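Engineer: Generate a structure from the sequence data that follows.
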Amino acid sequence: MHFVFTPPAETAAGLLSLPWQQPLEAWDDDRLVEIRQRGLSRHVVRFVTDEGQVYALKELDGRLARREYRLLRRLRELALPAVEVVGVVVDRGEGMDAILVTRFLEFSSSYRALFANPRGGHPTDRLQDALVELLVRLHLAGFMWGDCSLSNVLFRFDAGAFAAYLVDAETAELHPALTSGQRHYDVQLARERIAGELFDLLAAGQLPTQVDPIGVADDTVQRYEALWDELTREEILRPEDQRYRIAERLRRINGLGFDVDEVELVDAGEDGARLRVRTRVAEPGHHRQLLFTRTGLAAQENQARRLLNDIASYRGHLERRSGRPVPEVVAANKWLAEVYEPVVRAIPEQLRDRLDEVEVFHEVLEHRWFLSEQSGRDIGTTEAAQDYFRHVLPQVPDELTVTAAKASRQNRA
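Structural biologist: All right, here's what the predicted structure looks like:
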């Protein structure tokens with residue numbers, strides 16, 4: 001038997017004692033858990049908990065397992081949204097497939113769980129946007145998925161939107177760049193898969209009758225084409241328009257959540273200059289990095305943007321109260337100690353794994369605004385948090401997201 005684990009290998013050392021010599025389907029181990037939020041898979045997939053982490057184990061052909069292991073590692077190096085690969089176990093015995101080990105994404109949901117437990121309105125539109133953004137980011141990196149579907153994605157709440165993470169890469173290919181034919185093949189395959197998955201939900205009574213699976217699938221393709229065009233198209237700029245047109249294009253790209261890596265102007269003779277924009281392929285990170293630098297908090301991009309706005313507002317409050325300027329670093333640290341941490345500490349213990357802490361804080365801010373509008377006065381964060389913990393957070397379905405503690409409880413039940 002041959003174990004290959006990504007460093008630091010000691011993080012998964014407890015997994016070495018699992019019964020690797022047996023077929024995965026036949027395992028009987030106390031660490032096995034059932035994950036209701038899992039997607040569909042053509043392979044045997046099982047889940048285990050170890051040292052406070054949930055791991056997904058997928059049994060598949062050894063060649064495919066090694067290949068997917070390498071691709072998932074490469075995606076992580078590129079900072080693209082995908083599950084973290086932990087290792088691969090090969091040469092398990094005659095006639096036995098390999099097992100790929102990935103870390104399950106905490107506080108994530110499958111599309112089936114989101115449709116079964118909609119929050120903030122029906123999730124179709126937000127799921128489409130998240131899936132399209134993920135596919136575009138992968139294509140910009142030269143990554144041809146070959147199996148894009150809702151089932152092969154996990155979604156995390158991101159300040160009212162969703163962030164999408166690739167789960168399955170066994171059919172993928174990585175190239176220096178993709179041709180139009182490769183991209184269109186991927187997109188059309190996604191269209192077919194999405195329509196089929198939505199028809200399955202419709203048959204199960206989990207899709208509103210007004211939602212047309214084919215219409216949604218076609219619209220997903222249109223959203224992809226529009227986003228790809230905005231990020232990659234070349235355009236001719238007249239000399240007198242170049243400055244503001246370039247700035248306008250960059251603002252639009254940034255507004256879509258993408259960063260610009262390079263801007264190139266190529267002489268186009270009498271017509272002016274041809275603008276080429278190279279978009280950075282990594283997942284959105286500007287606001288995440290800024291929030292982490294100032295506070296040490298890890299968040300999704302939309303969450304980070306929302307929290308940074310609250311820090312800026314709190315800084316203004318401190319400056320009005322003191323009558324003098326307050327440095328950003330001082331304001332961020334006081335906000336963390338006096339605003340954020342008291343809310344997080346006050347989350348009732350039995351509700352802590354409904355949503356991740358940053359999403360809870362974002363929802364408290366939204367609830368504060370709602371209560372202030374309703375009452376006609378400024379409601380403080382503490383008062384808003386107490387009302388949110390009494391009336392809103394308990395309504396979040398316990399089965400909507402996955403954590404190691406929740407998986408262990410479900411298993412014992």
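Engineer: count of residues packed around residue 44?
Structural biologist: 16 (other Cβ atoms under 10 Å). Any C-beta I mention is one placed from the backbone N, CA and C, and that applies to glycine too.
Engineer: Helices of this structure, start to end?
Structural biologist: Shown for the chain, the helices assigned by DSSP state H span residues 62-77, 111-116, 124-140, 180-203, 213-232, 242-255, 286-295, 301-322, 328-335, 341-345, 357-375, 381-391, 404-412.
Engineer: Quick one: those helices as TSV, columns for mean pLDDT and mean neighbour count too.
Structural biologist: TSV is the format used below for the helices of the chain (pLDDT from 0 to 100; neighbours: other Cβ atoms under 10 Å):
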stretch	mean pLDDT	mean neighbour count
helix 62-77	93	18
helix 111-116	89	22
helix 124-140	93	22
helix 180-203	95	17
helix 213-232	94	16
helix 242-255	78	13
helix 286-295	88	17
helix 301-322	90	18
helix 328-335	94	17
helix 341-345	96	14
helix 357-375	93	19
helix 381-391	95	17
helix 404-412	64	17
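Engineer: quick one: which of those helices is nearest residue 158?
Structural biologist: Residue 158 lies closest, by Cβ to Cβ, to one member of the helices of the chain: helix 301-322, at 4.4 Å.
Engineer: so what does the closest one touch, helix or strand wise?
Structural biologist: In terms of contacts (3 or more Cβ pairs under 8 Å, 6 or more residues apart in numbering; DSSP states H and E), helix 301-322 is packed against strand 153-158, strand 161-166, helix 286-295, helix 328-335, helix 357-375.
Engineer: export the first one as CSV, just CAs?
Structural biologist: Backbone C-alpha positions of strand 153-158 (Å, rounded to 0.1, in the frame of the first residue of the first chain) are rendered in CSV as follows:
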residue,chain,number,x,y,z
VAL,A,153,-19.8,22.2,-6.6
LEU,A,154,-20.1,23.1,-2.9
PHE,A,155,-21.5,26.5,-2.0
ARG,A,156,-20.8,28.7,1.0
PHE,A,157,-22.8,31.7,2.2
ASP,A,158,-21.1,34.9,1.3
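Engineer: by how many degrees do that strand and strand 161-166 diverge?
Structural biologist: With axes from the mean of the first three to the mean of the last three Cα atoms, to 10 degrees applied, the angle from strand 153-158 to strand 161-166 works out at 150 degrees.
Engineer: Can you give the domain ranges for this protein?
Structural biologist: Using automatic domain parsing, the domain ranges for the chain come out as 2-105, 108-232, 235-279.
Engineer: Can you say which of those domains is nearest to residue 352?
Structural biologist: domain 2-105 (13.5 Å).
Engineer: Any idea how far apart the tips of the closest one sit?
Structural biologist: 25 Å (Cα to Cα, to the nearest Å).
Engineer: so how far is that domain from its chain's centroid?
Structural biologist: Its chain's C-alpha centre and that of domain 2-105 lie 20 Å apart, by Cα atoms, centre = their mean, to the nearest Å.
Engineer: can you check stretch 195-212 too?
Structural biologist: Relative to the chain's own centre, stretch 195-212 is displaced by 23 Å; criterion: Cα atoms, centre = their mean.
Engineer: Touching stretch 43-59 from outside, list them.
Structural biologist: Residues outside stretch 43-59 that contact it (Cβ atoms under 8 Å, 6 or more residues apart in numbering): 11-12, 14-15, 18, 23-25, 27, 29, 31-35, 38, 41, 60, 65, 83, 86, 97-104, 106, 402-405, 407-408, 411.
Engineer: Just the buried subset of those residues, please.
Structural biologist: In terms of neighbour count (16 or more other Cβ atoms under 10 Å), the buried residues within the contacts of stretch 43-59 are 11-12, 15, 18, 24, 27, 31-33, 35, 38, 60, 65, 83, 86, 97-104, 106, 402-404, 407-408, 411.
Engineer: quick revisit: just send the helices of the chain back as TSV, with distance to residue 160 too.
Structural biologist: Listed next are the helices of the chain as TSV, based on distance: least, Cβ to Cβ, whole Å:
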stretch	distance to residue 160
helix 62-77	26
helix 111-116	13
helix 124-140	8
helix 180-203	22
helix 213-232	18
helix 242-255	16
helix 286-295	15
helix 301-322	7
helix 328-335	21
helix 341-345	18
helix 357-375	8
helix 381-391	15
helix 404-412	23
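Engineer: for the ones you listed, which one sits closest to residue 272?
Structural biologist: With respect to residue 272, and counting by Cβ to Cβ, the nearest of these is helix 242-255 at 7.3 Å.
Engineer: and the angle from the closest one to helix 286-295?
Structural biologist: Going by the same axes, to 10 degrees, helix 242-255 makes 70 degrees with helix 286-295.
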